[in-house]
Structure formats: structure tokens, C-alpha cells
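>>> build me a model:
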Amino acid sequence: MADVSGLPGSYDRFKGARRAGLIAGAVAAVALTGCATAGSGDDHVPLITVSQERLEVNSHAYAAFRDRAIVAAPPAPSQLSIAVVRAYTDANTGTGLVFRLGERNLGLADYRSVIALDPNALSIATVNDHIDHLVTPPLWQVPILLKDNIETADQATTAGSLALAENAPDRDAPLVSRLRGAGAIILGKANLSEWANIRSSNSISGWSAVGGQTLNPYDPARTPCGSSSGSAVAVAIGLAPAAIGTETDGSITCPASVSGVVGFKPTVGLVSRTHIVPISHSQDTAGPITTTVEDAAIVLTAIAGSDPLDPATAEADARRVDYRAALDANSLQGARLGVMRFLISNYSAEAQAEFERALVNLRAAGAEIVEITEPPAEFRQIGGWELTVLLTELKRDLNLYLASTDPAQVRTRTLADVIAFNAAEPRETVLFGQDLFERAEATGGLDDPAYVEARARSFQASGPDGIDRMMADNSVVALIAPTTSRAWTNDPDDDDRSQGSASRLAAVAGYPHLTVPMGFDRGMPVGISFIGGKWDDARILSLGHAYEQRTRERRPPTLVQPSS
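Numbering: from 1, shown residues only. The predicted model follows:
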């Protein structure tokens with residue numbers, strides 16, 4: 001019998017696993033068996049022994065089981081959901097699924113949606129295949145990808161920047177601990193727009209110096225949008241049933257919409273931001289990207305909750321619910337929905353036509369549609385105030401994050417250091433510069449009157465005088481609009497540009513925003529947005545679920561190997 005640290009991929013973190021929660025220890029109903037056998041061919045040979053809070057694995061039995069499971073595993077289904085994963089692992093093994101998804105990632109590597117697979121994922125799945133439990137944890141053996149600005153203890157977290165290429169501080173973000181506690185397998189890190197798209201006003205969505213250019217699976221010449229581009233594309237092409245993205249303004253909902261999947265930006269403060277490379281403590285949040293609203297609800301239930309290191313989450317434990325249980329396929333019946341008509345002229349004609357068709361479906365499902373023609377009073381000023389807030393908070397929040405990293409791994413200790421690094425590193429600036437970083441460095445801090453005013457006025461205009469007032473004045477339970485138009489091209493010199501966005505009000509207010517596949521604009525997917533007030537997450541998910549169940553508009557991409 002060998003200690004688990006002797007296994008491939010290093011199992012030091014499994015010592016004391018029942019207490020640490022890495023094998024669903026946070027789920028109260030889980031019970032580890034004292035001894036599990038390796039199966040046929042190694043009868044009566046214990047693969048796992050648990051005693052005195054210590055987990056040990058027989059290396060020979062482990063290797064024999066792993067090899068058999070890999071050989072016996074059929075190909076993974078081309079499109080994944082949590083239910084599909086559960087059916088596969090019930091009939092086969094988690095070991096086989098993780099291996100087959102690793103193979104698929106290699107076969108679809110030209111889409112550049114994944115920066116790196118977790119070297120421990122296969123070994124964790126094998127150990128999990130030999131753990132008995134009284135109640136199956138909600139994400140047991142479900143492979144999940146993380147945007148590469150979210151820390152894990154066993155991989156580097158780069159935010160797509162070469163300055164963070166060796167940033168491996170040996171800690172899990174709290175939301176990652178929650179995923180592990182729910183039984184999920186962290187499959188690896190997804191590509192992203194470098195620094196979550198805050199480095200340059202001319203940035204190219206989905207590009208990072210570490211991961212290259214993420215490609216849209218419906219048309220590789222078009223944008224995957226950003227910044228959670230890799231997370232959305234990976235889910236769309238079947239590399240994982242779910243991924244975690246982050247959003248400051250549109251960074252979950254836009255890539256989900258243009259990749260034809262579901263994306264949910266929760267209320268800011270529902271999910272911890274600790275150990276996530278930041279932009280703005282006022283607007284940042286993590287959230288799920290999945291193929292169904294039900295799966296988004298399951299993942300959100302796992303990751304939501306208070307974190308003492310993130311003051312914004314103080315109310316999260318009191319506000320969180322079982323979001324899957326709260327789904328109601330009939331929730332549109334009698335629901336009054338407000339169309340943000342003042343946004344609609346900004347979208348392409350095709351996206352507008354798809355949205356009008358969606359309204360027909362919503363009415364058929366029993367919803368009452370209310371036209372809201374006038375924007376909030378200071379709607380057009382919000383963008384300028386928002387940028388002041390984001391740049392000011394970026395300098396402060398990123399400096400705090402960099403100070404928390406290991407100086408032996410991360411030599412750029414401040415935003416000013418990162419700016420100097422980029423200026424000296426041609427691979428960073430080959431496509432665009434860093435004007436937003438430079439503007440952020442010049443900001444005056446959180447006590448600057450310009451910042452204080454911008455934050456107060458932007459929040460008031462988008463929240464209390466924006467979403468809240470529109471909902472109250474029109475007696476509606478949610479606001480709707482197209483999420484964005486079809487994906488535009490990656491060519492900065494052509495005339496194909498982004499057309500319309502529903503993200504700003506919810507982003508600046510910190511309110512929930514869900515996008516669900518709505519149809520197609522010249523063959524490219526477009527989504528419909530459901531937006532609500534603070535802590536309305538369960539209702540927004542339920543309305544989106546009801547729409548999805550009635551329309552089922554998602555059509556997976558037909559994949560071709562793109563030219564590199």
C-alpha cells in the first residue's frame with residue numbers, strides 16, 4: 001500500500017480528503033468506504049484504504065483499473081450535459097470519460113478554447129470511481145473547465161498573460177473548493193481574452209498571449225466574443241458539460257450567446273471572487289456556462305455562498321437556494337416581461353426578427369409582453385462613468401491580487417510592473433497595446449472624488465433608477481432583449497462590428513443576467529437575455545428555463561478542423 005502522493009500527478013492534496021472536501025467532503029451525505037476493491041482481475045485487492053482521516057491507494061491496483069477503464073471506455077457523446085455525463089459514468093467510468101474528453105481536446109485543439117488540462121484530473125476520476133456514498137453528490141464525476149483567471153491548487157493561473165505564466169500559488173479559489181465538494185472534476189483551464197479584456201480598447205476578443213486566438217465554432221473567422229470565450233466555446237464543442245466564466249460587463253453573456261450556449265451572470269455577491277484575477281470589485285462575478293439552463297442552475301447551486309474573504313458575499317448564504325429545484329417549466333404563464341425596446345434598433349435586422357419570433361413564443365407560453373420604449377434617464381451617461389469605475393478599481397484590485405501571489409513565481413508585483421513587462425515583451429503587444437492599463441495606472445484611487453461620483457451615479461442610473469424603476473413602473477418580473485447580434489469578424493479593418501448589447505445595465509447594477517439560445521442570424525447563433533433585480537437569480541433562471549423548454553432553439557455547431 002502506497003501513500004497517494006506516490007501516484008502519477010501527485011496526490012498530496014488527497015491526504016485528509018474527508019476533511020478537506022476534495023472528494024465531496026463538503027456534502028454531508030457522503031460516506032467513504034473503508035476499503036474498495038479494484039474490480040475484476042484484481043479481486044480482493046484494495047485500491048483505496050481510508051483510516052484516521054488518511055486516504056491511501058494501492059499503486060498497482062490503481063494502474064490496473066485505470067488501464068482497463070480507458071480501454072473499455074466508448075467515445076464520449078458529442079454534446080454534453082450533466083445528465084448525459086451521469087448516464088455515461090453510470091454505464092462506464094469517470095476515468096474513461098475524463099480520458100476520452102482529453103482525447104477530444106487534443107483533436108479540437110485548433111479551436112484554442114483550452115489553455116491546459118489539469119494533470120490530476122484522470123487520477124482524481126479514478127479514485128472517485130472507487131468511493132461509495134449514500135447520496136450521489138450533485139456534480140459527482142462531472143468534468144468542469146475554469147476560465148484561466150480562477151485559481152486552482154494544481155495548475156498555473158495566467159489570465160492569459162505571460163506575466164503570470166508561472167503563477168501557481170497552490171490554492172483553490174473558494175468557488176473551486178465548492179465545485180470539488182459537490183463532486184466535480186476540474187478538467188482544466190479555458191482560454192480567455194487576456195486580462196479579461198481590460199488591457200486595451202483595441203483588444204481582440206478571445207486572444208491571449210498564453211492561449212492564442214480562441215475560434216468561434218460556427219465560423220472560425222468570426223469572434224467568440226469575450227472575455228470568457230474559451231469557456232463558452234469549450235462547452236459548445238463538447239469538451240465539457242459546463243465551464244465557469246467571469247463577467248464584468250458582458251464577458252459571460254456575450255460569448256455564450258455567439259457560441260449558442262447558456263450563460264448566467266449571477267447577482268454580484270452571490271459567488272465568491274476570492275483568488276480570481278480581478279478587474280472590479282463592484283462588477284466582477286463568476287458564473288456558469290452550460291448547454292442547458294437546468295445545468296446552469298445545478299452549477300450555481302454548488303458555487304453560490306458566503307465567503308469571509310469577500311465582503312460582497314455577506315448575504316449569499318441567506319439568499320442562495322436550490323436553483324434547480326426552483327425551476328418551473330410553466331413559470332412564463334402569467335409572467336409580465338418588459339421588452340427593452342429602446343435597445344432594439346441597435347441590433348441587426350436578423351437579430352431583431354429572431355427576437356420578434358421569440359416574443360411570439362413567449363406569448364404562446366402565457367407571458368404578457370410589455371413594451372418599454374424609454375431608457376433610464378441617464379442611460380447614455382452610464383458607459384463613461386462605468387469606465388472610470390473599472391479603471392480605478394482595476395489598479396487597486398489588481399495590485400492587491402498581485403501582492404498575494406508568490407514573488408518567486410510572479411515578478412510583476414503591481415500594475416505598473418505589468419505595464420513595463422508588456423512593453424518589454426513583443427509577444428504581448430503583437431496585436432494591440434495596453435492603453436487601458438496605462439489609463440488605469442494614472443487613476444487616483446478609491447478616494448478620488450471623480451471615482452466616488454462615477455460609482456454612485458452609474459449604480460443609481462443602472463440599478464435603482466434603471467432596472468428597478470423599469471420593472472416597478474411597468475409591473476414586470478423581468479426585462480428582456482436580444483443578448484447581442486451575430487458574431488462579427490476578427491478583422492479589425494473591416495466594417496463588420498458588434499451590433500447591440502443588453503449587458504450594461506445588469507453589469508453596472510450587479511444584477512442577474514441570463515442568456516438562452518434564441519435562434520440564428522445569418523447562420524450564427526444569437527441569444528435572448530432575461531434580466532432581473534438584485535437576488536432575483538432563481539426567478540430569472542426559471543423564466544429562461546421555461547423559454548428554453550418551449551423553444552429548444554439550440555443547434556450545436558458542425559465542427560470542421562479550422563486552418564491554423
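>>> what residues sit buried inside the longest helix belonging to the chain?
When the chain is parsed with DSSP state H, its longest helix is helix 382-403. Within helix 382-403, the residues that count as buried by 16 or more other C-beta atoms under 10 Å are 382, 385-399, 401-402. The C-beta positions use only the backbone N, C-alpha and C, and glycine is treated the same way.
>>> repeat for stretch 170-187
Buried residues in stretch 170-187, counting neighbours by 16+ other C-beta under 10 Å, are found at 171-187.
>>> how about residue 115, secondary structure?
strand (DSSP: H, G, I helix; E, B strand; the rest coil).
>>> now the strands for the stretch 251-400 of the chain?
For the stretch 251-400 of the chain, applying DSSP state E, counting those that start in this stretch gives strands covering 262-265, 285-290, 336-340, 368-372.
>>> okay, those, which one's buried deepest?
Among the strands of the stretch 251-400 of the chain, the stretch with the highest mean neighbour count (mean count of other C-beta atoms under 10 Å) is strand 262-265, at a mean of 32.
>>> what's the mean pLDDT across that strand?
Mean per-residue pLDDT for strand 262-265: 99.
>>> just stretch 385-405 next, same as before
pLDDT averaged over stretch 385-405 gives 98.
>>> and what of stretch 289-299?
99.
>>> dump that stretch to CSV, restricted to CA.
Only the C-alpha atoms of stretch 289-299 are listed here, as CSV (Å, rounded to 0.1, in the frame of the first residue of the first chain):
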residue,chain,number,x,y,z
ILE,A,289,-21.7,28.4,-18.9
THR,A,290,-23.6,25.3,-19.9
THR,A,291,-25.7,23.7,-22.7
THR,A,292,-29.0,23.9,-20.6
VAL,A,293,-30.5,26.3,-18.1
GLU,A,294,-31.0,23.3,-15.8
ASP,A,295,-27.3,22.6,-15.7
ALA,A,296,-26.5,26.3,-15.1
ALA,A,297,-28.9,26.1,-12.1
ILE,A,298,-27.2,23.0,-10.8
VAL,A,299,-23.7,24.5,-11.0
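>>> chain center to it: distance?
11 Å (C-alpha atoms, centre = their mean, to the nearest Å).
>>> now the end-to-end length of stretch 404-422.
End-to-end distance for stretch 404-422: 21 Å, by C-alpha to C-alpha, to the nearest Å.
>>> contacts for that stretch?
The contact list for stretch 404-422 (C-beta atoms under 8 Å, 6 or more residues apart in numbering) reads 161-164, 166-169, 199, 394-395, 398-399, 402-403, 428-429, 434, 437-438, 440-441.
>>> buried only: go through these for me.
161-164, 167-168, 199, 394-395, 398-399, 402, 428, 434, 437-438, 440-441.
>>> before we move on, the earlier item: remind me what the longest helix of the chain packs against, helices and strands.
Helix 382-403 sits against helix 415-424, helix 435-441, helix 449-462, helix 504-509, with contacts defined as 3 or more C-beta pairs under 8 Å, 6 or more residues apart in numbering; DSSP states H and E.
>>> give me whichever of those is most buried.
helix 504-509 comes out most buried of the helices and strands packed on helix 382-403 by mean count of other C-beta under 10 Å, with a mean of 27.
>>> average model confidence for it?
For helix 504-509, mean pLDDT rounds to 98.
>>> from the chain's centre, how far out does stretch 256-272 sit?
From the chain centre to the centre of stretch 256-272 is a distance of 7 Å (C-alpha atoms, centre = their mean).
>>> between the two ends of that stretch, what distance do you get?
Span of stretch 256-272 from end to end, C-alpha to C-alpha: 21 Å.
>>> now do stretch 250-264
10 Å.
>>> ok, stretch 161-170 next?
19 Å.
>>> same check, this time on stretch 304-321
9 Å.
>>> what residues does it touch?
174, 178, 266-274, 281, 301, 323, 535, 538.
>>> just among those residues, which is most surrounded?
residue 271 (32 neighbours; other C-beta atoms under 10 Å).
>>> doesn't residue 287 make contact with it?
Yes - the pair residue 271 and residue 287 passes the contact test of C-beta atoms under 8 Å, sitting 6.8 Å apart.
>>> need the residues touching each of those two.
Shared contacts of residue 271 and residue 287, counting by C-beta under 8 Å, 6+ apart, come down to residue 300.
>>> the helices and strands packed on helix 382-403: which one's closest to residue 134?
Each of the helices and strands packed on helix 382-403 was scored for nearness to residue 134 using C-beta to C-beta, and the closest is helix 504-509 (39.8 Å).
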